[in-house]
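1. A predicted structure for the sequence below; I have some questions about it.
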Amino acid sequence: MRKCGTLAWALVDYLLVRDQYDCAGDHAGGWETSNVLALHPETVDLGGLPEKGQSLVGAGGRMAPQDATASFGRETMEAAAEVAVQEVRHRLGHKALYRGHGNSLREGLWRETQRVV
């Protein structure tokens, strides 16, 4: 931290793109299932799911897991990665903005800068 002048930043993919996807983030729903289909398809068996519309214990979100696809998972992960790169570039170029107490947790300042420019 002191040597480089930057702090670590932890992120959650769906929070970076929730303005782009109305179904961003869930638990065992279509979002997470799509991500797993894209990363580890051998671990997913959609055939084990009940018919769409039936309740699932422990699953939630706006997108049903039955609608999950690997291509959607790749799309959302790529979109999140693009936002993460913008965020990191801004953090490296504007280190002073992130040094104050709690400021390393702030996200999206690069978007505010873009609107002003």
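-> Structure received.
2. which residues of this protein fall in helices?
-> Along the chain, counting by DSSP state H, helices occupy 13-16, 30-39, 70-93, 109-116.
3. now the third one, how far from the centre of its chain.
-> Here the centre of mass of C-alpha atoms in helix 70-93, compared against the chain's by CA atoms, centre = their mean, to the nearest Å, lies 8 Å away.
4. thinking again about what came up before, so which of the helices of the chain is the most packed in?
-> Ranked by mean neighbour count, the helices of the chain are led by helix 30-39 with a mean of 21 (mean count of other CB atoms under 10 Å). To be clear about C-beta, it is placed using only N, CA and C from the backbone, and glycine gets the same treatment.
5. who's in contact with residue 41?
-> residue 70 (CB atoms under 8 Å, 6 or more residues apart in numbering).
6. same thing but at 10 Å, please
-> Residues near residue 41 by CB atoms under 10 Å, 6 or more residues apart in numbering: 70, 73.
7. ok, residue 51 next?
-> residue 66.
8. measure it to residue 76 for me?
-> 25 Å (CB to CB, to the nearest Å).
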